[in-house]
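1. Got a predicted structure here, sequence first:
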Amino acid sequence: MHTTVGIIGGGPAGLLLARLLHNSGIDCVVLESRDRAYVEHRQRAGILEQSTVDVLRSSGAGERLDREGLVHDGIELRWDRKAHRIDFPSLTGGRRVWVYAQTEVCKDLIALQLKDGAPLLFEAQVLAVEGATANIKTGDRPVIRYTHEGQDKTLICDYVVGCDGFHGVARDAVPESIKKTYERVYPYSWFGILADVPPSSDELVYAHSPRGFALLSMRSPSVSRLYLQVPNGTDPADWSDERIWDELDARFAIDGDWTLERGPITSKGVLPMRSFVSEPMSYGRVFLAGDAAHIVPPTGAKGLNLAAADVIVLARAFANLKDTGSAELLDAYSDTCLKRVWRAEHFSYFMTSTLHTDPDQSAFETRLQISQLDRIASSPYAAAELAENYAGLHIG
Ligand code: APR
Ligand code: PHB
C-alpha cells in the first residue's frame, strides 16, 4: 500500500492529523496498534484550550463538544486551608478552557474518520520505520513495516508521522547520533478515579497540602474526575473507596463551608509522572508529534493540547507543500514546535513542583511553595502568568 503521509498511532495526535490532512485533500493512512474500544475508553486528559477547540470545530469534529463540553472561566487553587480563584478571561483578554475528555475527542474523530476519512486500521502494530532519509527522486521512499490481521505488511509513504506516544517506535527513526533527550521523572504518581457523583465545585480545584496534592476535575455534571498524589508504585487495589474519599477530604480541607460529595467510584488508575522532550522532532521524511516527541506531567493540562498544536503546525506545513511545492514550513516544523513545547514543559514543571509535596522535600522548600502560591493570590501579574499558560498560548 502507498500513501502520501503514513501516520503511526490513532490517539488524539494521529486522529486529528488525519482529519486535517483529509480536509486539505492530502491522502494518509492511520495505523493504530490497539482496538477501537481501547482507544475510545483510555482515561486520559480532560482540558481543551481555545486553540484545540477551534481546530476541532473547524475540522468538523466540534459538534458534540459544543453540545456536551463544559466551558470554564477559571480554576481554584487551595493551600494552607485557604482558596483563591484564577479568572482566565480577565487575566488573558478573554481566553477560557473547555472540559471535554480525551476519550470523547477520540470518539468524535474516529467516527468522522470511519465515515469519510482516510483508512484507519486498528490492531495494526507498527514494527519499524525505514528509509527516513530516502531520496524520492531515485524512487526510494520511507517504509512503515507493520502487522495486521496476522500478516506482515508494508506501507510505502512520502512522509511518516510518528503519533505513537511515549512507548512508540517512530522516535527510533531519529539516529542516536542526532537525537537529544531531556527527562525528569517525578518522585510521585497520580491516582485517578472516576466517580458517579456531581462535582463538588463548578470549576477545577488544585490543592496543595502537607499530605500531598489533590485535584478535583469532572467529566460531566454527574461524573467527577479526581486525582491524588501517591508514591510511585502505588497499587490501586490497596485503596478502598472510603480511604480515597477520606484522603481527598483531608487534602481539599479549607476554612469555611465546603463539602466534598462522595459517590460510587467506577474507575481507578495510577499513572507515573515525567517530563520528557526528544529533539529534533523531525528527521528526513519522518516527523514526530504529541507524546511521541514530548511528555508533560498532567498538572498543567497540557498533554492533549500540545499534541493538537503539533499537528496543527504539521498539517499546515503539508498543505503548504501541496499548494506551493515549498517544504519550508516542513523544514521549520521541529524548531517551530519546540519553542512552544519547552514553554509547556516549564509551565507543567512549575505547576507540578509548586503544588506537589515531594516526600523528601525540606521545610524550606515547603515554605517556598507557600510563598509562590501567596504571590499568585496577591499579584495580578503572577496570576496572569499562570492564567496565560494554563488557558493556552499562541501556537506559532
Ligand atoms: N504501532 C501502532 N500504534 C502504536 C504503536 C505502534 N508501534 N505504539 C503506540 N501506538 C498507538 C497507541 O496505542 C496510542 O493509541 O499510538 C497512540 C498514541 O496515542 P497517545 O499515547 O494518546 O499520544 P498522542 O496521540 O500524542 O496524545 C497525547 O495522550 O497520553 C495522552 O497525556 C497524553 O493527553 C496526551 C495525549
Ligand atoms: C482531567 O480532567 O483529567 C484533568 C484536568 C486537569 C489537569 C489534569 C487532568 O491538570
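-> Alright, I've got the coordinates. Ligands and ions are numbered 1, 2, ... in the order given.
2. going forward, measure contacts and count neighbours with C-alpha atoms only.
-> Will do.
3. So which residues on the protein come close to ligand 1?
-> 8-14, 31-34, 39, 44-45, 124-127, 163-165, 167-169, 290-292, 303-304, 307 (CA under 6 Å from any ligand atom).
4. Residue 164: what's it in contact with?
-> Residue 164 sits next to 8, 9, 10, 11, 14, 170, 291, 292 when contact means CA atoms under 8 Å, 6 or more residues apart in numbering.
5. Now it: closest residue in space, sequence neighbours ignored.
-> residue 9 (4.3 Å; CA to CA, 6 or more residues apart in numbering).
6. Can you give me the distance of the residue of the chain positioned farthest from its centre to residue 173?
-> Distance from the C-alpha centroid of the chain, by CA atoms, centre = their mean, peaks at residue 138 (38.7 Å). Noted for residue 138: a distance of 21 Å to residue 173, by CA to CA, to the nearest Å.
7. ok, the residue nearest to residue 164 touching residue 33?
-> Yes. With contact defined as CA atoms under 8 Å, residue 9 reaches residue 33; the gap is 7.1 Å.
8. which of the two has more neighbours?
-> residue 9 (28 against 22; other CA atoms under 10 Å).
9. With residue 166 as the reference, measure out to the more buried one.
-> Where residue 166 is concerned, residue 9 sits at a distance of 11 Å (CA to CA).
10. what sits against the nearest residue to residue 45 once chain neighbours are set aside?
-> Distances taken as CA to CA, 6+ apart place residue 102 nearest to residue 45, at 5.4 Å, with adjacent residues excluded. Contacts here follow CA under 8 Å, 6+ apart; on that basis residue 102 touches 12, 43, 44, 45, 46, 304.
11. Helix, strand or coil: sort out the third one for me.
-> Taking DSSP: H, G, I helix; E, B strand; the rest coil as the rule, one finds residue 44 in the coil state.
12. tally of neighbours for it?
-> Residues contacting residue 44 under the criterion other CA under 10 Å number 14.
13. Against residue 42, how distant is the closest residue to it other than its chain neighbours?
-> Distances taken as CA to CA, 6+ apart put residue 102 closest to residue 44, at 6.0 Å, once the chain neighbours are dropped. Taking CA to CA as the measure, residue 102 falls 8 Å from residue 42.
14. Repeat that for residue 71.
-> Using CA to CA, residue 71 is found at 23 Å from residue 42.
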